[in-house]
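[1] Sequence and predicted structure are below.
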Amino acid sequence: MRPCLDQVPGVLGEIARRRALEVAPYPLPEAPPRPPSFREALLAPGLSLIAEVKRQSPSEGQIRSIDPAEAALAYARGGARAISVLTEPHRFGGSLEDLKRIWGAVDLPLLRKDFVVDPFMLAEARAFGASAALLIVALLGELTAAYLEEAGRLGLEALVEVHTERELEVALEAGAQMIGINNRDLATLRIDLATAPRLGRLARERGFAGVLVAESGYAQKEELRPLEGLFDAVLVGTSLMRQPDLEAAVRELVG
């Protein structure tokens with residue numbers, strides 16, 4: 001049950017095809033007790049912050065060298081309600097070991113953020129302590145519903161990521177309960193902060209009552225105002241990781 005990645009363009013396609021070649025099932029450690037609910041954490045009053053542990057990225061290059069557990073603890077002290085953990089090793093410098101260490105350091109729900117192209121990657125996410133995994137519609141296409149079902153079978157929640165109206169339709173048809181709207185076009189890496197509000201309003205107009213998450217490009221508190229009353233959460237990585245004091249940066253962003 002793998003998606004066809006041959007026609008996925010740009011940087012997204014390059015990363016996804018490499019990840020697909022690397023998937024080789026192996027005996028997983030016993031999954032930890034059921035982790036805290038990612039969805040419930042984001043439904044707390046106000047705009048919830050998902051703070052991301054991110055060493056580097058294709059668009060920014062090297063961002064920061066930091067102990068992932070220390071970063072997560074600082075985020076938690078600052079008031080983040082969930083932690084996103086990059087586990088892609090080549091372009092983002094992450095690993096499953098980062099996920100494991102952060103799980104052992106904080107009590108917040110964790111999102112495994114990677115380019116999931118094989119069901120085994122969902123089993124890995126659960127075994128290493130994630131509460132949720134990222135499912136990218138641009139990669140999974142019509143298999144999105146099947147991956148959602150597999151995540152649920154494993155006791156894992158899923159944040160279904162979209163960037164276009166068509167991808168939003170796929171997510172809605174698949175029955176996603178959490179939808180992340182990425183301002184960044186993953187093929188070209190360009191950011192448009194108008195994307196999340198536009199597609200968020202469209203999702204609500206189509207009757208979506210689940211959790212909405214805005215992703216990518218946010219650095220200032222003022223940039224979050226268009227999300228208020230429409231989105232439940234915002235995911236922020238690069239701009240936080242560039243700040244010398246992560247705890248203070250979180251407090252300044254979300255209060």
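    Arrived safely, thanks for sending.

[2] thinking in terms of the whole chain, how far from its middle is stretch 115-122?
    Chain-centre distance of stretch 115-122: 14 Å, with Cα atoms, centre = their mean, to the nearest Å.

[3] now do stretch 196-212
    Using Cα atoms, centre = their mean, the offset of stretch 196-212 from its chain centre is 18 Å.

[4] can you give me the end-to-end distance of that stretch?
    Start and end residues of stretch 196-212 are separated by 9 Å (Cα to Cα, to the nearest Å).

[5] Next: stretch 73-84.
    13 Å.

[6] And the contacts of it?
    38, 41-42, 44, 48-54, 72, 102, 105-111, 113, 131, 233, 235, 237, 240, 245-251, 254-255 (Cβ atoms under 8 Å, 6 or more residues apart in numbering). Placement of C-beta: from N, CA and C, glycine included.

[7] Would you show me how to pick out the buried ones of these in PyMOL?
    Selection of buried members from the contacts of stretch 73-84 for PyMOL, criterion 16 or more other Cβ atoms under 10 Å:
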select buried, resi 38+41+42+48+49+50+51+52+53+54+72+102+105+106+108+109+110+111+113+131+233+235+237+240+246+247+249+250+254
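
[8] Of the contacts of stretch 73-84, which belong to strands?
    Among these, the ones falling in strands (DSSP state E) are 48-53, 110-111, 113, 233, 235.

[9] Helix, strand or coil: sort out Ala69 for me.
    helix (DSSP: H, G, I helix; E, B strand; the rest coil).

[10] What residues does the residue nearest to it when sequence neighbours are not counted make contact with?
    Computed as Cβ to Cβ, 6 or more residues apart in numbering, the closest residue to Ala69 that is not its neighbour in sequence is Ala105, at 3.9 Å. Contact analysis of Ala105 by Cβ under 8 Å, 6+ apart lists 69-70, 72-73.

[11] now, which of these sits nearest Arg2?
    Ala72 (31.1 Å; Cβ to Cβ).

[12] And the nearest residue to that closest one once chain neighbours are set aside, how close does it get to Gly129?
    Leaving out its chain neighbours, the residue that sits closest to Ala72 by Cβ to Cβ, 6+ apart is Ile102, at 4.4 Å. As judged by Cβ to Cβ, to the nearest Å, Ile102 and Gly129 stand 8 Å apart.

[13] And for Thr87?
    For Thr87 relative to Gly129 (Cβ to Cβ), the value is 11 Å.

[14] and for these two, which residues touch both?
    Leu99.

[15] which of those two has more neighbours?
    Higher neighbour count among Thr87 and Gly129: Thr87, with 25 against 22, using other Cβ atoms under 10 Å.

[16] Now do the contacts for the more buried one.
    Counting by Cβ under 8 Å, 6+ apart, Thr87 makes contact with 94-96, 98-99, 112-114.

[17] Let's see if you can find the most crowded of those.
    So for the contacts of Thr87 (other Cβ under 10 Å), the most neighbours sit at Lys113, 31 neighbours.

[18] what's the pLDDT at that residue?
    Looking at Lys113, its pLDDT reads 97.

[19] cool, Gln62 as well?
    Taking Gln62 on its own, its pLDDT is 86.
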